[in-house]
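Visitor: Have a look; sequence and predicted model below, questions after that.
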Amino acid sequence: MKALVYHGPGERSWQDVPKPRIQAATDAIVRVDAVTICGTDLHILKGDVPTVGPGRVLGHEAVGTVVEAGPGSDRKPGDRVLVSCITACGRCRYCRTGSFGQCLGGGGWILGHRIDGVQAEYVRVPYADTSTHLVPEGVSDEHVLMLADILPTSYEVGVLNGRVAPGDTVVVVGAGPIGLAAVSAARLFSPGRIIAVDLAESRLEAATRFGADTVIKDDPLQRVADLTAGLGADVAIEAVGVPETFELCTRLVRPGGHVANIGVHGKPATLHLEDLWIRNLTITTGLVDTYSTPTLLSMIAAGRIDASPFITHRFAMEEMEKAYEVFSAPQETGALKVVLTRA
Ligand SMILES: NC(=O)c1ccc[n+]([C@@H]2O[C@H](COP(=O)([O-])OP(=O)(O)OC[C@H]3O[C@@H](n4cnc5c(N)ncnc54)[C@H](O)[C@@H]3O)[C@@H](O)[C@H]2O)c1
Ligand SMILES: [Zn+2]
Ligand SMILES: [Zn+2]
């Protein structure tokens, strides 16, 4: 079969690899029907994630059909499933409380990281019963695909950790797919105003389409102060992953406000406790757990969340290399999420 293989920093290829086989009783083999690329895959290709070694099949966001299941799994051939970015053993102390991202039983973020991922014709999914979600009738593969990572991440790590409440002023720093998903998810709580901050014009236009009330490119501190009578925002959601934007978020919120960090950071950021100690801030961090996926799936099925605006480009799976090129150059292509489907 074909798969997208990482060969070390800057090197990848869509090539022949052995088809995966059941290794444990709780595994399932899933035929990948729709798959997408994540900003995290680009981090891996830059060499920012050293736990990914050469030879690894990338990808952790897919929808597919079960073709084979181990004797310890209730999944059946023909089941249509969402393959979540987080794998869960379902039994460890973290899984028992819904913190699947911290799974101690060999799960967590492993697909396309510690084991071969989903940018392939077939994938082996460990702990299939607790790591896949059955897809309800009437919901398209590409809409469900937005639940593999971006929507639960923005909802859990951004909006719920940030305690967005009705009437709040919410600032989202970074308007990539994750920041835009945070704008969509924040709207579920009727905030008073959503402000999006980004450097790229195309991303700010997207933020307006997704429902941001105000978009800011320059001098966000002053602009947010002006919009909030000098007080600052109730919630700041960091969706970039660089020190400047984390530090900016701590300055954008009012005393007593919440900073919810979503960005994956590769470098240390400074926490200015000398200024912040007196401001009663709550700062949260997190890897997505995906405990909200069933809730979000029912909201997509009910039409309460529209996943279609995230999808800007569609390709056949064999065009994986081209899809990577388009996704890696959002300034020129306007790409948000690219969807690849089997022919
Ligand atoms: N915590 C988690 O579980 C989790 C899960 C998935 C992704 N992430 C992380 O979330 C972050 C966002 O993901 P994405 O796919 O949307 O990334 P992206 O690169 O597509 O978007 C980042 C956006 O930030 C903007 N930006 C860059 N520097 C900026 C600055 N100084 N000020 C304002 N805006 C700036 C860029 O123009 C871009 O639009 C990444 O760090 C990603 O790794 C975290
Ligand atoms: Zn992802
Ligand atoms: Zn576990």
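Guide: The structure has been received and is ready for your questions. Numbers count the residues shown, from 1 in each chain. Ligands and ions are numbered 1, 2, ... in the order given.

Visitor: show me what contacts Y127?
Guide: 26-27, 87-90, 105-107 (Cβ atoms under 8 Å, 6 or more residues apart in numbering). C-beta coordinates here come from the backbone N, C-alpha and C atoms, glycine included.

Visitor: Sorry, slip of the keys, the one I care about is R93.
Guide: L104.

Visitor: What values do phi and psi take at it?
Guide: phi -60, psi -30 (degrees, to the nearest 10).

Visitor: Tell me the confidence at it?
Guide: R93 is assigned a pLDDT of 98 by the prediction.

Visitor: Hmm, P243 is touching G263, no?
Guide: No: contact criterion Cβ atoms under 8 Å: P243 and G263 do not qualify, at 9.9 Å.

Visitor: The two: which is more packed in?
Guide: Set side by side, P243 and G263 show unequal neighbour counts under other Cβ atoms under 10 Å, the larger going to G263 at 24 against 15.

Visitor: any idea which element that one lies in?
Guide: Secondary structure from DSSP states H and E places G263 outside every helix and strand.

Visitor: what kind of secondary structure is Q15 in?
Guide: With DSSP: H, G, I helix; E, B strand; the rest coil as the basis, Q15 sits in strand.

Visitor: Flag every residue of the stretch 151-300 of the chain that's near ligand 1.
Guide: Applying Cβ under 6 Å from any ligand atom, we find that the stretch 151-300 of the chain lies next to ligand 1 at 153, 157, 173-179, 197-200, 203, 239-242, 244-245, 262-264, 286-288.

Visitor: Just the buried residues of the residues you listed.
Guide: Buried subset of these (neighbour count, 16 or more other Cβ atoms under 10 Å): 153, 157, 173-179, 197-198, 203, 239-242, 245, 262-263, 286-288.

Visitor: Next, the contact list for the closest residue in space to T132 that isn't next to it in sequence, please.
Guide: Excluding the flanking residues, the one nearest T132 by Cβ to Cβ, 6 or more residues apart in numbering is V81, at 3.9 Å. Counting by Cβ under 8 Å, 6+ apart, V81 touches 28, 30, 63-66, 75, 128, 132-135.

Visitor: now, among those, which is nearest to M146?
Guide: The closest of the contacts of V81 to M146 turns out to be V63 (Cβ to Cβ; 9.9 Å).

Visitor: Mind listing what's buried along the helix or strand hosting the closest one?
Guide: Assigned by DSSP H and E, V63 belongs to strand 62-69. Buried residues in strand 62-69, counted by 16+ other Cβ under 10 Å: 62-66, 68-69.

Visitor: repeat for stretch 322-339
Guide: Neighbour counts over stretch 322-339 (16+ other Cβ under 10 Å) mark 323-324, 326-327, 330, 335-339 as buried.

Visitor: Averaged pLDDT, it. What do you get?
Guide: So the average pLDDT for stretch 322-339 ends up being 96.

Visitor: what sits up against it?
Guide: 4, 12, 34-37, 42, 142, 145-146, 150, 176-177, 180, 200, 202-203, 206, 309-315, 340.

Visitor: cutoff 7 Å now
Guide: Stretch 322-339 has contacts (Cβ atoms under 7 Å, 6 or more residues apart in numbering) with 12, 34, 36-37, 42, 142, 145-146, 177, 180, 200, 202, 206, 310-315, 340.

Visitor: Inside helices: which ones of these?
Guide: 42, 142, 145, 177, 180, 202, 206 (DSSP state H).

Visitor: and the first one, what does it touch?
Guide: Spelled out, it's L42. By Cβ under 7 Å, 6+ apart, L42 lies in contact with S328.

Visitor: and with 6 Å instead?
Guide: For L42, no contacting residues are found, by Cβ atoms under 6 Å, 6 or more residues apart in numbering.
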